[in-house]
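Q: predicted model follows, preceded by the sequence.
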Amino acid sequence: MFSNYLIGLREGLEASLVVCILVAYLVKTGNKGRLPAIWTGVGIAAAISLAFGAGLEFGSQELTFEAQEALGGTLSIVAVGLVTWMVFWMKRTARHLKAELHGKLDAALAMGTGALVTTAFLAVGREGLETSLFVWRSVKAAGDGTSPLVGALLGIASSVVLGWLFYRGALKINLAKFFTWTGGMLVVVAAGVLAYGVHDLQEARFVGGLQDKAFDISTTIPPDSWYGTLLKGTFNFQPDPTVLQVTVWALYLIPALALFLLPVGFGRSAGAKEQKSSHEQAEQAEAAGGGDGRDGGAGADGERVRDGARGGSSRSVGDEG
């Protein structure tokens, strides 16, 4: 249940922050009358995401056992790929998210209501589809009734409340640290989903090695015990995994988590020292010329959420300065 709560909270909060930015910008620029277009786009995105999740659940029930396992295993791999891309994308672009969305809104305002609806739909729809797919696979992997789904819904509800509090200025949070911690935990959860997806493909006879067990500690950690259920629901833990499952789990988790937790971020070049040197030279030049010597990007990791609708001097979600 915890892993699905985390998924719902993380993905839902991303969508909530996007909506906060869109709404705050329209209010600040005197376009409050265009807000219904934003809410229409958000509503359409939510409806399509729910329909997608329902289609996965009910559509797969008509398939044979082997086909269900093959579909589940394939979608597990797709879901892990999407979530991995999402956490790394947010790590790289969160600081510039506000400016990017503002640019899209300016263009949409010039084009009309339909463009505003489309902008809101595309901004929120991606998170919705990712959430539907990943929660569906996580629920299937956990296999303990409705509690995983309840966890995901509670996470989404929490994210909506947090989004409203952010917008009203009643809550401040270090988003850099929040997305780092939740992103790291999601990578761990994704590793478990990936391993379970490999097991599905083995049961579908699409991949071999189903009988080659890496270890079996079912007597130590019974799957039906409370702690076995907790481990499975949180990390998709399996007491008797195959060799291939353990191998895939380790090959994904170790490099992905190491890259995600790098202080410099994913995909930074070796020229970071050169860039730092250039910044130092620029600061010295500004100081010599009587400037204030501020680096506009400094302290961005400690950035806090502000109420974007309170006025032009306040900073909204993702405003770097």
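A: It's in.

Q: going forward, measure contacts between C-alpha atoms and count neighbours the same way
A: Fine.

Q: so where's the protein uncertain?
A: By pLDDT under 70, the weakly predicted segments of the chain are 1-3, 94-95, 97, 138-148, 170-176, 230, 233-234, 263-321.

Q: apply 50 and report the result again.
A: Low-confidence regions of the chain, defined by pLDDT under 50, span residues 264-277, 279-280, 283, 286-321.

Q: would you map the helices across it?
A: 2-28, 35-60, 65-93, 97-111, 113-142, 147-168, 175-203, 226-235, 243-260, 272-288 (DSSP state H).

Q: closest one to residue 214 among those?
A: helix 243-260 (4.5 Å; CA to CA).

Q: mind saving the C-alpha coords of that closest one as PDB?
A: The C-alpha atoms that make up helix 243-260 are tabulated as PDB, following Å, rounded to 0.1, in the frame of the first residue of the first chain:
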ATOM      1  CA  VAL A 243      18.100 -16.000 -11.000                       C
ATOM      2  CA  LEU A 244      17.000 -13.900 -13.900                       C
ATOM      3  CA  GLN A 245      14.800 -11.800 -11.700                       C
ATOM      4  CA  VAL A 246      17.600 -11.000  -9.200                       C
ATOM      5  CA  THR A 247      20.000 -10.300 -12.100                       C
ATOM      6  CA  VAL A 248      17.600  -7.800 -13.800                       C
ATOM      7  CA  TRP A 249      16.700  -6.200 -10.400                       C
ATOM      8  CA  ALA A 250      20.400  -5.600  -9.600                       C
ATOM      9  CA  LEU A 251      21.300  -4.400 -13.100                       C
ATOM     10  CA  TYR A 252      18.500  -1.800 -13.000                       C
ATOM     11  CA  LEU A 253      18.600  -0.700  -9.400                       C
ATOM     12  CA  ILE A 254      22.300  -0.200  -8.800                       C
ATOM     13  CA  PRO A 255      23.200   2.100 -11.800                       C
ATOM     14  CA  ALA A 256      19.800   3.900 -11.800                       C
ATOM     15  CA  LEU A 257      19.900   4.800  -8.100                       C
ATOM     16  CA  ALA A 258      23.600   5.800  -8.300                       C
ATOM     17  CA  LEU A 259      23.000   8.100 -11.300                       C
ATOM     18  CA  PHE A 260      19.900   9.600  -9.700                       C
END
